[in-house]
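> Sequence and predicted structure are below.
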Amino acid sequence: MARVRRALTDVPRAETPDEVPVERAYHRVHGDRTAAESVDLLAEHLADYRAIVHRVDAPSLPALIARLLADRGATGVAVPPGLPASWLSAVPDSVRRVPDTAELTPHDLDAVSSVVTACAVAVAETGTVVLDAAPDQGRRRITLVPDHHVCVIRVPDQVVDSVPQALERLDPTRPLTWISGPSATSDIELDRVEGVHGPRTLEVILTGPETAGRS
Amino acid sequence: MPSFPRAADASTRNTQLRANLRHATHTIRAKRATAVAELDDWSRLRAAGAAIKDRTLRHLDHYLERLESAVTAAGGHVHWAADAEEANRIVTELVQATGEREVVKVKSMATQEIGLNSALATAGITAYETDLAELIVQLGDDLPSHILVPAIHRNRGEIRDIFAERMAQWGRPAPEGLTDAPADLAEAARLHLREKFLNAKVGISGANFMVAETGTLVVVESEGNGRMCLTLPETLISVVGIEKVVPTFQDLEVFLQLLPRSSTAERMNPYTSTWTGTTDEDGPRAFHLVLLDNGRTDTLADTVGRQALRCIRCSACLNVCPVYERAGGHAYGSAYPGPIGAILTPQLRGTGSEVDASLPYASSLCGACYEVCPVAIDIPEVLVHLRERVVEGGPASVRGTRTVIKPAKGHAAERAAMRAARWTLDHPRVLRTGQRLASRTRRFHPRRLPGPGRAWSDTRELPRVPEESFRDWWQRTRGESRTEGRKTT
Ligand code: SF4
């Protein structure tokens, strides 16, 4: 620390950090959208980065989740402690529920094919969902080790337009995971390949009153 | 370590390497321009990014103190390392204290810079690189050649051979009959590394940003190997350069917009993780932050060179650099290749050695690097400043002490520097691409155009670039076409 101070002898002693000007002339948001337009943009941008997007009204949500798990041949599903019980109500009992508890080891999780979670907020301009490890999302690891992540976004409440708006809503003391599309690499001749380590398939469900009748 | 011109001469003769590099840099470059053009306030974000970093650097002592207390309050432990040796010793002792002999690593420039893996190996600890490209480099006994895509000098056939031959020595072997399809290669890496992640007790990472206000660390990545290393092990050790601090959580709104678009040309990278100390039952139970100086305070003491510490390691400057494109990443002789390496390495390490004295000359000063840099680092300005230091000497800070450096006259360093300058001048295509680019972008300089070009004029007064380079003018007015011939292989 003494070295740092010695290196800064050109800085007047009385200067405070706030006296170094930072002009924030950039936009808080890019464009003027209705709530519905923001949701549309989110869906478009999620799909751009190869997330699979579904839209459904609240009553049809359990059936959709059951179908997505069945389509993948899921034999087990990781379940965050605070996930609304109704969301998995249509999933047959033959699919093993694996609750997210402290005892659950990475090896246990490796044997689970799918996970269903909610999210904290979603960013339309970038096509990002943010998880903050709240009870309906569980610990960070459950959305990492299984190969198939189904993430439910409540629209329009959980959708913001921009990165600045998302940060305003988030609590920095919680561990945050920002997810934009499934795990991907371009390390081999810049060919994009999905999934080296994280889930290879990300399915996002937009659900809420305004999505009724669309799919 | 060979000086830049000797290393560059070897790499320019490697046509495979050059072809791979050209393809990569041009592809990323074009994509980046599109991603940046999507934001009409890019120049303002860029100005804010530069200003936030300047504020931080001018008051680095203040922000580091805040960071330390915030990390400690959140349950982490902070260690200070003056140089590579000290950092390596701290990390080695921390790993030894856990009783483990194996660690998983997220790609990190800081740990590459200090040679952590070999220091750990000396202590009998194996560090596994888990980024796909870093895995290719590690299995191939090779060095990274690009900041973003470290194995870009390898093509799929070479990668297949490396996997087939070497994976078994490090853990789970490559599957029988492995093809060279990228998806198959990625699958082989997934299986090989998953075994390591699931058993790992210690993870080592760097960080893209550290928030002074809250003690939050941020890792930006694509593959999820970062998330694996940050959340599955019991102990997490992060080695981070002291310049990576930003004042507030809100400041991330600037950098999380600048970095992905400049780097991978995406609206947002697939994964960003943040953590603040430790969280009960979620992630590592012990978190250690090793704050690394290793020449950074010397760089800070130089009022011209200080701006190099704004760098957010996006790699955009590599992809536009005509010299990097031909010379390749290895020629720069350090963890930091390309234009940023040419100004950062000689500042971190001093200009005493041949390779470091030659780096400020490894450029045609075309200015393309400055144009793309999301934090507006005037790389050409620093290059010229460092050339002066190599040739004329002058005041500088060395290992925390202010001294006057003697000119490198008659020494190996100066010879190397001059050879590098000549190497650049001797490669007409390098020089011309550079100058042409500067002339072509000239129309962006006036204050009227929107888009990326505007950032130029928003952040500083620019010298005017001549409409036509001297070389082009000569060719046009003298009508001879002999510039292409020599030594362009
Ligand atoms: S110098 Fe600028 S362009 Fe180059 S890597 Fe650093 S931030 Fe990116």
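On my side now, so go ahead. Residues are numbered from 1 along each chain as shown, chains lettered A, B, ... in the order given.

> The one residue in chain A that gets nearest to chain B - how many residues pack around it?
Scanning chain A for the residue nearest chain B gives residue A:198, at 2.8 Å (criterion: Cβ to the nearest Cβ). (Each C-beta comes from the backbone N, C-alpha and C, glycine too.) Neighbours of residue A:198 under the rule other Cβ atoms under 10 Å in any protein chain shown: 29.

> And residue B:88, by the same measure?
By the criterion of other Cβ under 10 Å, residue B:88 has 23 neighbours.

> Please apply the same query to the one 3 residues further on.
Residue crowding around residue B:91 was assessed by other Cβ under 10 Å; the count is 28.

> Do you know the pLDDT at it?
pLDDT for residue B:91: 98.

> Grab the nearest non-local neighbour of it.
residue B:237 (5.8 Å; Cβ to Cβ, 6 or more residues apart in numbering or on different chains).

> Pairing partners for the residue nearest the centre of chain A in the sheet, please.
In chain A, the centroid-proximal residue (Cα atoms, centre = their mean) is residue A:129; its distance is 3.0 Å. Note on residue A:129: beta-bridge partners by DSSP bridges are residue A:122, residue A:179.

> give the contact list for residue B:330.
Counting by Cβ atoms under 8 Å, 6 or more residues apart in numbering or on different chains, residue B:330 touches B:7, B:11, B:143, B:145, B:153, B:337.

> continuing past the longest helix along chain B, what's the next helix or strand?
In chain B, assigned by DSSP state H, the helix with the most residues is helix B:15-37. Toward the C-terminus, helix B:15-37 is succeeded by helix B:42-58 as the next helix or strand (DSSP states H and E).

> do that following helix and chain A meet at all?
Yes - among the residues of helix B:42-58, B:44, B:45, B:47, B:48, B:51, B:52, B:54, B:55, B:56, B:58 lie within reach of chain A under Cβ under 8 Å from any Cβ of the partner chain.

> what's the last one in contact with, if anything?
Right, the one you point to is residue B:58. Residue B:58 neighbours (Cβ under 8 Å, 6+ apart): A:8, A:11, A:15, A:17, A:20.

> what do you get if the cut-off is 6 Å, keeping everything else the same?
By Cβ atoms under 6 Å, 6 or more residues apart in numbering or on different chains, the contact list for residue B:58 reads A:11, A:20.

> So residue B:343 sits against residue B:308, correct?
Yes - using Cβ atoms under 6 Å as the test, residue B:343 is close enough to residue B:308 to be in contact (5.0 Å).

> mind listing the helices in chain A by residue range?
Using DSSP H, helices in chain A cover A:2-7, A:35-48, A:61-71, A:106-110, A:163-169.

> With respect to residue B:102, which of those helices lies nearest?
The closest of those to residue B:102 is helix A:106-110. By Cβ to Cβ, the value is 15.0 Å.

> Contacts for that closest one, please.
Contacts of helix A:106-110 (Cβ under 6 Å, 6+ apart): A:145, B:198, B:232.

> In those, which residue is surrounded by the most others?
Ranking the contacts of helix A:106-110 using other Cβ under 10 Å puts residue A:145 first, with 28 neighbours.

> what's around residue B:96, how many residues?
Counted with other Cβ under 10 Å, residue B:96 comes out at 14.

> Run through who's touching the strand or helix carrying it.
Element membership of residue B:96, judged by DSSP H and E, is helix B:84-98. With Cβ under 6 Å, 6+ apart as the contact definition, helix B:84-98 has outside contacts at B:79, B:81, B:103, B:114, B:116, B:119, B:123, B:125, B:202, B:235, B:237, B:288, B:290, B:292, B:294.

> how about 7 Å then?
B:79, B:81, B:103, B:114-116, B:119-120, B:123, B:125, B:201-202, B:204, B:235, B:237, B:239, B:288, B:290, B:292, B:294 (Cβ atoms under 7 Å, 6 or more residues apart in numbering or on different chains).

> Mark which of the residues you listed are part of strands, please.
B:79, B:81, B:103, B:202, B:204, B:235, B:237, B:239, B:288, B:290, B:292 (DSSP state E).

> What's the separation between residue A:106 and the ligand?
In this view, residue A:106 and the ligand are 34 Å apart by Cβ to the nearest ligand atom, to the nearest Å.

> Break down chain A into its strands, ranges please.
A:52-56, A:76-79, A:96-99, A:114-117, A:121-123, A:128-131, A:148-154, A:159-160, A:176-179, A:184-185, A:193-194, A:201-207.

> Against which helices or strands is the last one packed?
In terms of contacts (3 or more Cβ pairs under 7 Å, 6 or more residues apart in numbering or on different chains; DSSP states H and E), strand A:201-207 is packed against helix A:35-48, strand A:52-56, helix A:61-71, strand A:148-154.

> Could you export the ones you listed as a markdown table, including mean pLDDT?
Below are the helices and strands packed on strand A:201-207 laid out as a markdown table (pLDDT from 0 to 100):
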| stretch | mean pLDDT |
| --- | --- |
| helix A:35-48 | 96 |
| strand A:52-56 | 97 |
| helix A:61-71 | 98 |
| strand A:148-154 | 98 |
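
> the inter-axis angle of the longest helix of chain B versus helix B:42-58?
Interaxial angle, helix B:15-37 versus helix B:42-58 (axes from the mean of the first three to the mean of the last three Cα atoms, to 10 degrees): 100 degrees.

> neighbouring contacts of helix B:15-37?
In contact with helix B:15-37 (Cβ under 7 Å, 6+ apart) are residues A:190, B:11-12, B:42, B:149, B:152-153, B:155, B:261-262, B:265-267, B:316, B:318-320, B:325-326, B:328, B:451-452.
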